[in-house]
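Q: Sharing a model prediction with you, sequence too.
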Amino acid sequence: MIERALALATAHPHDFTLQYPPRREYFQDCFRGSGRVEDARLLYVHVPFCAHRCSYCNFAVDLSADEARMERYVDALVARIGRVRAAEAIDIGGGTPTRLPPHLLRRLVGSLARFGAPISIETTPEIAATRPDVLDALEGVDRVSVGLQSSAGDALSIAGRPDAALHARALEALRRFRRINVDLVFGLPGQADWAADVRHAIALAPDAITTYDCLYRGKGRAMTRRSLQAPSPEAYASLYEEGRALLRAAGYDAPYGAMTYSRHRGETGTSVYFERRLLDGFSYLGVGNYATSHQGDLWTFENASVDRFLRGASGDAYVLPRDETIAKYVLLSLSFGFLDPARYRARFGEELGDRFPMRFAVERGWLTESYGVASFGDLPKLRSLFYTPRAIAWLARAREQQAIARPEPRA
Ligand code: SF4
């Protein structure tokens, strides 16, 4: 099985991103079930509204500017949040949650105050720079994440993002929050100078900087339809290494292979919600359209359409075998740059090495002896070792069918 997984990861490295399952159809084919997650340890609140769709984005966004509709949406969120018993950490994501008018945002954030949990929210440079009334509505939020993505006009305009001129004003306005994270993307089409992008983010002095590799696969991304060629794993690795060297020289640190760098010693720079979900494997409840929840063996998605969600239409539910839950956990937690045997044992009551070929990965130089990521360029192969045999067989079949449907052109 290892050989088959590695052959697939070598031929199709972009099938092996940190997202698991590799394609949603896999779970739809194999694990459809029913049920709802009623309560969990962590809470995610999804606000789908965006001013426009960025070319690399395939999130569940809604471009409506209709305030009455936004109000109905917030009514539904607040009603659902009212039935949640407890939350240890909260993320408000989207979409662009701060696109809500201030009175609705205040109501939404206010409905979370009773949990006394750390709250993180996402915003955009334009809103942060130009809407102090929106930031005033975020009382109780302690971390804000803002997507800069690049500093270069070409990359930003191809991505459908505003000019970088607003970034400095945005960061100044966000200083009122305890922690600020900025996101950058590497491997964007039109991105000529990644080092300049990283230096630009460093000069803004946020608390944390997250560097994502731009995904070129998946439905719904405008850029995917333009048949752009994704960088090779080696090209991604060289961008990663370049960014990492600059960030560490500037005092931002993270384990090798991690995406988020913090300038505060002992902090990961991500939200508490993210740490507990990905590193500790805590259960989570998602509220909002297309929000996902996971408790025990049940993994659910709310309906993707805002209108159907508001009408109470159901979404998808999957009942996952234990090995699928474990694969999901391991692949996501690798985004922190390591696998933690103690956390794994606490979550699943077994040893990592009893299930996975850890020694093999160490001997190949893909993991360190302490299970840290050792080679960014080999991540697709490393990830493939944690896929279930069922997922590898499904992916191999999907690739074969694709090859039959679209044969390679003859030379
Ligand atoms: S990347 Fe962010 S701002 Fe752009 S469309 Fe997606 S959710 Fe909206």
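A: Yep, that arrived.
Q: And the helices in the stretch 301-411 of the chain?
A: Taking DSSP state H, counting those that start in this stretch as the criterion, the stretch 301-411 of the chain carries its helices at 306-310, 322-333, 341-348, 352-355, 358-363, 379-384, 389-405.
Q: what are the phi and psi values for residue 94?
A: Dihedral angles of residue 94 (phi, psi; degrees, to the nearest 10) stand at phi -170, psi -150.
Q: what about it, neighbour count?
A: If you count neighbours by other C-beta atoms under 10 Å, residue 94 ends up with 23. In short, each C-beta sits where N, CA and C put it, glycine included.
Q: Please work out which of the helices of the stretch 301-411 of the chain is packed deepest.
A: The densest packing among those, expressed as mean neighbour count by mean count of other C-beta atoms under 10 Å, is seen in helix 379-384 with a mean of 23.
Q: Run through the strands of this protein in chain order.
A: According to DSSP state E, the chain carries its strands in the segments 42-47, 90-94, 119-123, 143-149, 179-186, 208-213, 260-262, 284-287, 292-295, 298-301, 316-319.
Q: who does the second one touch, helix- and strand-wise?
A: Read that as strand 90-94. If contacts are counted by 3 or more C-beta pairs under 8 Å, 6 or more residues apart in numbering; DSSP states H and E, strand 90-94 sits against strand 42-47, strand 119-123, helix 272-274.
Q: just to revisit the earlier point, same list, the strands of the chain, but as CSV with mean pLDDT and distance to residue 358 please.
A: Listed next are the strands of the chain as CSV, based on pLDDT from 0 to 100; distance: least, C-beta to C-beta, whole Å:
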stretch, mean pLDDT, distance to residue 358
strand 42-47, 98, 28
strand 90-94, 96, 30
strand 119-123, 97, 32
strand 143-149, 93, 32
strand 179-186, 94, 29
strand 208-213, 92, 24
strand 260-262, 98, 24
strand 284-287, 98, 27
strand 292-295, 96, 24
strand 298-301, 96, 26
strand 316-319, 96, 27
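Q: now the ones you listed in a markdown table, with distance to residue 7?
A: Below are the strands of the chain laid out as a markdown table (distance: least, C-beta to C-beta, whole Å):
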| stretch | distance to residue 7 |
| --- | --- |
| strand 42-47 | 36 |
| strand 90-94 | 36 |
| strand 119-123 | 38 |
| strand 143-149 | 34 |
| strand 179-186 | 27 |
| strand 208-213 | 22 |
| strand 260-262 | 32 |
| strand 284-287 | 34 |
| strand 292-295 | 30 |
| strand 298-301 | 28 |
| strand 316-319 | 27 |
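Q: and these as TSV, adding distance to the ligand?
A: TSV is the format used below for those (distance: least, C-beta to the nearest ligand atom, whole Å):
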stretch	distance to the ligand
strand 42-47	10
strand 90-94	5
strand 119-123	7
strand 143-149	6
strand 179-186	9
strand 208-213	11
strand 260-262	17
strand 284-287	15
strand 292-295	15
strand 298-301	17
strand 316-319	21
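Q: Regarding stretch 257-270, how distant is the last residue from the first?
A: Start to finish, the residues bounding stretch 257-270 are 14 Å apart (C-alpha to C-alpha, to the nearest Å).
Q: Need the contact partners of stretch 124-139.
A: Contacts of stretch 124-139 with the rest of the structure, by C-beta atoms under 8 Å, 6 or more residues apart in numbering, involve 51, 96, 98-99, 102-103, 105-106, 109-110, 121, 123, 144, 146-148, 162, 164, 166-167, 169-171, 173-174, 176-177.
Q: What degree of burial does the residue nearest to residue 43 when sequence neighbours are not counted show, as a neighbour count?
A: Distances taken as C-beta to C-beta, 6 or more residues apart in numbering place residue 87 nearest to residue 43, at 3.7 Å, with adjacent residues excluded. With neighbours defined by other C-beta under 10 Å, the count for residue 87 comes to 24.
Q: shouldn't residue 87 be in contact with residue 39?
A: No. No contact is recorded between residue 87 and residue 39 when judged using C-beta atoms under 8 Å, the distance being 9.2 Å.
Q: what do those two both touch?
A: The overlap between the contact sets of residue 87 and residue 39 (C-beta under 8 Å, 6+ apart) consists of residue 285.
Q: What segments of the stretch 51-200 of the chain are helices?
A: For the stretch 51-200 of the chain, the helices defined by DSSP H, counting those that start in this stretch occupy 67-81, 102-110, 125-130, 132-136, 153-159, 167-174, 194-203.
Q: Would you reformat those as a markdown table and include mean pLDDT, mean neighbour count and distance to residue 372?
A: What follows is the helices of the stretch 51-200 of the chain, written out as a markdown table (pLDDT from 0 to 100; neighbours: other C-beta atoms under 10 Å; distance: least, C-beta to C-beta, whole Å):
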| stretch | mean pLDDT | mean neighbour count | distance to residue 372 |
| --- | --- | --- | --- |
| helix 67-81 | 97 | 17 | 38 |
| helix 102-110 | 98 | 18 | 37 |
| helix 125-130 | 95 | 20 | 33 |
| helix 132-136 | 98 | 15 | 37 |
| helix 153-159 | 64 | 19 | 31 |
| helix 167-174 | 96 | 19 | 31 |
| helix 194-203 | 94 | 20 | 22 |
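Q: Based on its surroundings, how many neighbours for the residue of the stretch 251-400 of the chain found nearest the ligand?
A: Using C-beta to the nearest ligand atom, the closest approach of the stretch 251-400 of the chain to the ligand is made by residue 290 at 11.6 Å. By other C-beta under 10 Å, 21 other residues sit near residue 290.
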